[in-house]
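# When you get a sec, could you give me coordinates for this:
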Amino acid sequence: MRELEVRHLKQAVERTHRCFARLRKSVPVKEMHNGSVVWEGVVYVFDLTGHPGTTMAYAWSAPMGGGDKRQFFAVLHQGLVKSPADAVRAAIIDEQKNENDRSSPGRTDRANLSERDQNMSEGERGRHEAP
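The predicted structure follows:
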């Protein structure tokens, strides 16, 4: 399963960011908020070739809904994203922002985001679906 997931993550990075990706390592991440675990899993770090803005990206997957389908995340190492944990945090923030956009058309509620998180660009935090 790990080999298949890594291959899909590599494809997600390459398709999303239009460059070549090579697996460097995997890093366990546990993201906490107000004393609760909001995400825990393994983030894969990829070296990039051919990307104009960075040489590294972070990728992982998470289950979608109740089925076997997975959502793949591919976040660039740039701007405020300097680590696998930063990448997960940025994706969580982006997901919250997208949920707010859907519930209030034309309005983004950013009150719950820290100033650091509000200043992340869309390129720094991103949610990407599987290839």
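# top helix in the chain by residue count?
In the chain, taking DSSP state H as the definition, the longest helix is helix 84-103.
# tell me the pLDDT at His17?
Note on His17: pLDDT of 96.
# Start at 242, not 1
Shifting the count to begin at 242 puts that one at His258.
# list the contacts for it?
289, 292, 298, 315, 317 (Cβ atoms under 8 Å, 6 or more residues apart in numbering). Any C-beta I mention is one placed from the backbone N, CA and C, and that applies to glycine too.
# number of nearby residues for the third one?
Ala298 has 29 neighbouring residues, counting by other Cβ atoms under 10 Å.
# any idea how far Gly307 is from it?
29 Å (Cβ to Cβ, to the nearest Å).
# count of residues packed around Leu245?
Using other Cβ under 10 Å: Leu245 sits among 8 other residues.
# can you tell me which helix or strand it belongs to?
helix 243-258 (DSSP states H and E).
# that older thread, please produce TSV containing the contacts of His258, extended by secondary structure.
Below are these laid out as TSV (DSSP: H, G, I helix; E, B strand; the rest coil):
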residue	secondary structure
Leu289	strand
His292	coil
Ala298	strand
Ala315	strand
Leu317	strand
